[in-house]
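Chemist: Okay, sequence plus prediction incoming.
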Amino acid sequence: METNHSKSQLNAAIQQVTNNATSWIGHRHGETKSKLSGQTFVCPTEGELDCIEVFSAHVTNNGPVEMTLHAFDTENKTWGPALKSSIVEFTKGDTGKWISFPLKGLHLQKGMSYGFRLKSDTGLVGVGEAAGNTKQVPFVGGQEWTASSEDQRGRYYSYLSLAFKVELRA
């Protein structure tokens, strides 16, 4: 039996929409390294991925932003190879908007851990994030990741989470 994906219901299978802080990605003037940011999450349901949205809190330099989606090993904190990628051109007019990265054609499994990473070699974008503390985490289902182009191992934070939505077709 075939599923007609165009008629399947699109819904935000997982989301964290609080925005009270900013995580910067991209290249700052006068610096040789770029900042990268990302988010891990456990998929709560099975479905066909349509897109992942992030909240663009600030765009100071126009430029392309690349999102890559990976399987994520939560125990060892390691990223698998990129499963999908999408590039979106950000402009200053995108400030304060939800920006969609199309990632169609990938089936996400219920209970599996995934993560997306954002980078820009020319632009400078502030992605909305929720800041909490060790006693009140903003998002229980994953961690925010930050790194630089010189050290991509990065760091993981349970008390920070990017503002994001994972859109699936059931």
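Modeler: Happy to help now that I have it.
Chemist: tell me the contacts of Leu103?
Modeler: Leu49, Asp50, Cys51, Ile52, Met67, Leu69, Lys84, Ser85, Ser86 (Cβ atoms under 8 Å, 6 or more residues apart in numbering). Where C-beta positions appear, they are placed from N, C-alpha and C, glycine not excepted.
Chemist: go on, Gly63?
Modeler: By Cβ under 8 Å, 6+ apart, the contact set of Gly63 is Gly26, Glu89, Phe90, Ser120, Asp121, Thr122, Gly123, Leu124, Val125.
Chemist: Please identify the buried residues of stretch 41-56?
Modeler: Phe41, Cys43, Gly47, Glu48, Leu49, Asp50, Cys51, Ile52, Glu53, Val54, Phe55, Ser56 (16 or more other Cβ atoms under 10 Å).
Chemist: quick revisit: now, which of the contacts of Leu103 sits nearest Gly115?
Modeler: Ranked by distance to Gly115 (Cβ to Cβ), the contacts of Leu103 are led by Leu69 at 7.5 Å.
Chemist: For beta bridges, what are the partners of the residue most central in space within the chain?
Modeler: Central residue of the chain (Cα atoms, centre = their mean): Phe116, 4.5 Å from the mean position. For Phe116, the beta-bridge partners are Gln39, Leu69 (DSSP bridges).
Chemist: for the protein, what are the low-confidence residue spans?
Modeler: Residues of the chain that meet the criterion pLDDT under 70 lie in 1-8.
Chemist: which stretches of this protein form strands?
Modeler: For the chain, the strands defined by DSSP state E cover 10-16, 21-27, 34-42, 47-61, 63-73, 78-90, 97-108, 113-119, 124-131, 144-148, 151-157, 160-162, 164-169.
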